[in-house]
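A.B. asks: Need coordinates for the following:
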Amino acid sequence: MSLYSPVSSSEEEAGENSFSRKMEDTDMLLHDEKTDKFHGSIALAMKHMPRPLNKWIYGLLFTSLLLFIVSSMLFATFWWVSLREVDRFCLKHGSYYSPILAQIKDPYMTTKFNGSLHAESIYRAPPGPEVDAAWSYISLGMGVFSLPEHEALKAGLEKGDVRIPPGYKGSGEYMASVEVNHQLHCVRLRQEYPHPQNFLRKAAWFNYPYYRNQGSEFSDSGAELENHLYHCTEMLRQVLMCNADAGIYGYKYVKGREQRPYPDFSTPHRCRNFDTVLEWAYARRIEGDPQNHPFTPAEGEIVHEHDP
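C.D. replies: Next comes the predicted model:
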């Protein structure tokens, strides 16, 4: 009788599978035991960790979270403020010093020019008292104001320039006006005519007959008026080139004139907020119009040989 009998292939495979499963079960058991031991070690370490150290870790985590929240809030606030102040920063950085720039609110505004050839505006209406009053308010009405010496020199005035005479607010300080005052009037008047006028508009051939009878600079000789007109034109040229407008305008077709496209000057612009400048000037102007005062140069005030 044979001591052993051959094992069939199916029984052999079953035995191998059974052995493999036992090995896998053993590995899993060992893995679970290792994991349990690891977790147990952590739990044991935490259990035996000194209580003050435990609190210190929780405190550190809480402090870190709090600092993160506060930092995020500060960053968001700083970003919001920066966006609001960027216009003011750009205005001061891109302009020659003026005491107005540091004090006006909302220095810029977006507006759309009305460039229509037939646009209606009080400033282009036929001559008359109402039109003159409108022009005076945005220019002549600003008058003059006083500046202490350190601000005056910083703004471009020079030592020896005219100061406010006695009897007026700001007496002894430098007398000054806002540049846009002169640019809107487009004049530089002689001493006899202390009230500037919007000269180019009045000198237009269709307005001249009305203003010729008003006196003031229109009582000058033809040569003087011509010189005055060229002065205004030259001032406007310099201002426009200094503030070169890099905006873009396009062209449109107009019915009946399709062969010659028409330029569209009604374009959006990022403008200085003129109203804030006007408010500043009116708030600082010296009542009583010291320009009507008979000036006498005081000590330290320079008398020049020629017009500046």
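A.B. asks: can you list contacts of stretch 157-177?
C.D. replies: Residues outside stretch 157-177 that contact it (CB atoms under 8 Å, 6 or more residues apart in numbering): 142-149, 152-153, 155, 286-288, 290, 293, 295-296, 298, 300-302. All C-beta atoms are positioned from the backbone trio N, CA, C, and that covers glycine.
A.B. asks: And those, which of them are buried?
C.D. replies: Those of the contacts of stretch 157-177 that meet the buried threshold are 142-147, 152, 286, 290, by 16 or more other CB atoms under 10 Å.
A.B. asks: returning to what we had before: can you list which of the contacts of stretch 157-177 are found in strands?
C.D. replies: Those of the contacts of stretch 157-177 mapping onto strands are 145-147, per DSSP state E.
A.B. asks: I'd like those laid out as TSV, including distance to Glu224 and pLDDT.
C.D. replies: Output for these, formatted as TSV (distance: CB to CB, whole Å; pLDDT from 0 to 100):
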residue	distance to Glu224	pLDDT
Phe145	30	92
Ser146	31	94
Leu147	32	94
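A.B. asks: could I get those as TSV with distance to Asp245?
C.D. replies: Converted to TSV, the ones in strands among the contacts of stretch 157-177 look like this (distance: CB to CB, whole Å):
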residue	distance to Asp245
Phe145	29
Ser146	33
Leu147	30
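A.B. asks: Closest one of those residues to Met109?
C.D. replies: Top of the list for closeness to Met109, among those and by CB to CB, is Phe145 at 23.4 Å.
A.B. asks: and that closest one, how far is that from Ile286?
C.D. replies: 6 Å (CB to CB, to the nearest Å).
A.B. asks: and if you look at His182?
C.D. replies: Distance of His182 to Ile286, given as CB to CB: 17 Å.
A.B. asks: With Glu179 instead?
C.D. replies: Glu179 is 18 Å from Ile286, by CB to CB.
A.B. asks: Identify each of the strands in the stretch 101-250 of the chain and give its residue range.
C.D. replies: Here the stretch 101-250 of the chain has its strands, by DSSP state E, counting those that start in this stretch, at 108-112, 145-147, 174-176, 250-252.
A.B. asks: can those go into a markdown table with extra columns for distance to Ile57?
C.D. replies: Output for those, formatted as a markdown table (distance: least, CB to CB, whole Å):
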| stretch | distance to Ile57 |
| --- | --- |
| strand 108-112 | 52 |
| strand 145-147 | 63 |
| strand 174-176 | 66 |
| strand 250-252 | 67 |
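A.B. asks: between those strands, which one is nearest to Met73?
C.D. replies: Evaluated with CB to CB, the strands of the stretch 101-250 of the chain place strand 108-112 nearest to Met73, the distance being 28.1 Å.
A.B. asks: Residues contacting the closest one, please?
C.D. replies: With CB under 8 Å, 6+ apart as the criterion, strand 108-112 contacts 87, 91, 266-273.
A.B. asks: Adding pLDDT and distance to Glu258, write the residues you listed out as JSON lines.
C.D. replies: Shown next, in JSON lines, are the contacts of strand 108-112 (pLDDT from 0 to 100; distance: CB to CB, whole Å):
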{"residue": "Asp87", "pLDDT": "73", "distance to Glu258": "42"}
{"residue": "Leu91", "pLDDT": "77", "distance to Glu258": "43"}
{"residue": "Ser266", "pLDDT": "91", "distance to Glu258": "20"}
{"residue": "Thr267", "pLDDT": "91", "distance to Glu258": "22"}
{"residue": "Pro268", "pLDDT": "92", "distance to Glu258": "26"}
{"residue": "His269", "pLDDT": "91", "distance to Glu258": "28"}
{"residue": "Arg270", "pLDDT": "88", "distance to Glu258": "33"}
{"residue": "Cys271", "pLDDT": "90", "distance to Glu258": "33"}
{"residue": "Arg272", "pLDDT": "87", "distance to Glu258": "38"}
{"residue": "Asn273", "pLDDT": "89", "distance to Glu258": "40"}
